[in-house]
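1. Mind folding the following:
(one chain, ligands or ions: 1)
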Amino acid sequence: MNEHDSERIGGLLSADGYVPTEEAERAQVIVFNTCAIRQNADNRLYGNLGHLRPLKERNPSLRIVVAGCLAQKDGGTIQARAPWVDVVVGTHALPELLGLLHASETEGPQMDVREYTEVFPSALPARREVAHHAWVSVSVGCDNACTFCIVPLVRGPQRSRAIGDVLAEVQGLARRGVVEVTLLGQNVNTYGRDVTVPDSARRPLFADLLRAVNDVDGLRRIRFTSPHPHDFTPDVIDAMAGSDKVCEHIHFPLQSGSDRVLKVMQRSYRRVRYLEWLDAIREAVPGIAVTTDLIVGFPGETEVDFEDTLDVVRRARFDQAYMFQYSPRPGTRAAQMPEQVPKEVVQARFDRLVALQGSISLDLMRQHVGRTVEVLVEGTGRKGAVQGRTRTNKVVHLPGELAPGTFLDARIVSAHPHHLMGEAVSSGEEGDRAALGVREAAAVG
Ligand code: SF4
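-> The predicted structure is shown next:
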């Protein structure tokens, strides 16, 4: 979501005549688009702002902008701690960015941290780093209340975009050469619960949206993130299985394998149910890759709880996991809980989890060696190679020069914990997308 918003910030500035520069000394505007998920984002923001102070003193016409979740969370605190910041623009006020920027030139520091989204950032112009891929926001905010999470505070309750607006954006993107979209929502699979279909009392569902996006001509890959396991209904599994452009990858956040911890986290599923859902998804979409999020050291987590997490990780056999050491976020309920786990205990458990998941990831990656997979080139890779991605979201490095957006078939020659090495066996530009994907899925399965 943060990257999506950065594209819109870049798009707004481009529309106003700005061009990007890598050199802070030459910049007329510097924007920090911030994340509030972890404490170190706070620390880094204020550290970076401190470094910019001498530059601002030498060049008072420089505009410094803080956007994103930290802007929403901290509001006036930012300009109190760093009075040389010209604009603080929260998550709901992005469309106001240029107005705030211009007002700051004549009226001094500006701030807009309104608490309701009126215009979706997706309706704003975008400046994309790559031409073949686009993030498409389908909803913002979240109606859940996971006790460790700051998102409901900084992004507000869920608000879905009209299905027609999402489709119009995807159709326009496909006409301009975008071949892959990632549908975005904090809780993407509850999309539509808060809107109705025009001329009907019916609410569109995430499954309807997947099927409708699948019908867009020119598009070749559809991804989405992140679903909440509790809301992963059978109709979404059916839509995934029946939509040839929906990639064989799902990010399915577990967070903890302990029922006791899940309850305290206010995650409304339990370990057995989670594993049952995984079985159903894997049965419906053979070869699907599964990634997850895991938090180690949630307040009160005991050794037994942690062993439960290791147990689910062994059973689930995730392709990859984003593993986090719990850090209290001011404003969340978990931050107030007693029994915060000592740092050294969290570190030791984290190291054990990383070792276990690393061995599973490498084992699953090795199963690809010798297989032929479809790769979409994304950009420059290691040592002059290009980097691409399979439908199952595996990063592949390939020798040679290929433009981003190129499809090709590649034979996998070696495996590493986080990437594969391959060699091209065909241009892959011709042919049927669905057939290629099915072939890869079958091979992985
Ligand atoms: S569902 Fe996701 S975004 Fe919503 S509160 Fe829980 S962790 Fe945060």
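
2. Low-confidence stretches in the protein?
-> Applying pLDDT under 70 to the chain flags the ranges 39, 121-122, 196-201, 427-445.

3. and with 50 instead?
-> Along the chain, segments meeting pLDDT under 50 span 430-445.

4. who in it is up against the ligand?
-> Applying CB under 6 Å from any ligand atom, we find that the chain lies next to the ligand at 142, 144, 146, 149, 151-152, 186-187, 228. For glycine as for every other residue, the C-beta is placed from the backbone atoms N, C-alpha and C.

5. Sitting in helices, which of these do you find?
-> Judged by DSSP state H, helices contain the following of the residues of the chain next to the ligand: 151-152.

6. Return the closest of the residues of the chain next to the ligand with respect to Ala71.
-> The closest of the residues of the chain next to the ligand to Ala71 turns out to be Val151 (CB to CB; 14.5 Å).

7. how about the residues of the chain next to the ligand in JSON lines, adding neighbour count?
-> Shown next, in JSON lines, are the residues of the chain next to the ligand (neighbours: other CB atoms under 10 Å):
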{"residue": "Cys142", "neighbour count": "20"}
{"residue": "Asn144", "neighbour count": "18"}
{"residue": "Cys146", "neighbour count": "21"}
{"residue": "Cys149", "neighbour count": "22"}
{"residue": "Val151", "neighbour count": "22"}
{"residue": "Pro152", "neighbour count": "18"}
{"residue": "Gln186", "neighbour count": "22"}
{"residue": "Asn187", "neighbour count": "20"}
{"residue": "His228", "neighbour count": "20"}
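
8. Tell me how many other residues crowd Gln336.
-> Burial of Gln336 is recorded as 12 neighbouring residues (other CB atoms under 10 Å).

9. same thing with Gly17?
-> Gly17: 6 neighbours (other CB under 10 Å).

10. Contact partners for the closest residue to the ligand within the stretch 201-350 of the chain?
-> When scored by CB to the nearest ligand atom, the stretch 201-350 of the chain has His228 as its residue closest to the ligand, at 4.9 Å. With contact taken as CB atoms under 8 Å, 6 or more residues apart in numbering, His228 is in contact with 144, 187, 189-190, 253.

11. out of these, what pair is the most spread apart?
-> Thr190 and Pro253, at 13.9 Å, using CB to CB across the contacts of His228.

12. which of the two has more neighbours?
-> Thr190 (22 against 19).

13. Next up, the contacts around that one.
-> Here Thr190 is in contact with 139, 143, 158, 206, 228, 231 (CB under 8 Å, 6+ apart).

14. The residue nearest to Asp16 when sequence neighbours are not counted: how many residues sit nearby?
-> Closest residue in space to Asp16, ignoring its immediate chain neighbours: Leu98 at 5.4 Å, by CB to CB, 6 or more residues apart in numbering. Using other CB under 10 Å, Leu98 is surrounded by 13 other residues.

15. Kindly report the same for Val216.
-> Count around Val216 with other CB under 10 Å applied: 18.

16. buried ones in the lengthiest helix in the chain?
-> Counting residues, the longest helix in the chain under DSSP H turns out to be helix 343-366. Using 16 or more other CB atoms under 10 Å as the test for burial, helix 343-366 gives 346, 349-350, 353, 356-357, 360-361, 364-365.

17. what residues does the helix or strand just after it touch?
-> Using DSSP states H and E, the next helix or strand after helix 343-366 towards the C-terminus is strand 372-380. Strand 372-380 is contacted by residues 130, 132-133, 179-180, 220-221, 386-392, 394, 396, 398, 402-412, 422, 425, 428, 436-437, 439-440, 443 when judged by CB under 8 Å, 6+ apart.

18. now those residues: which count as buried?
-> 132-133, 179-180, 220-221, 386-392, 394, 396, 398, 402, 404-412, 422, 428, 436-437, 439-440, 443.
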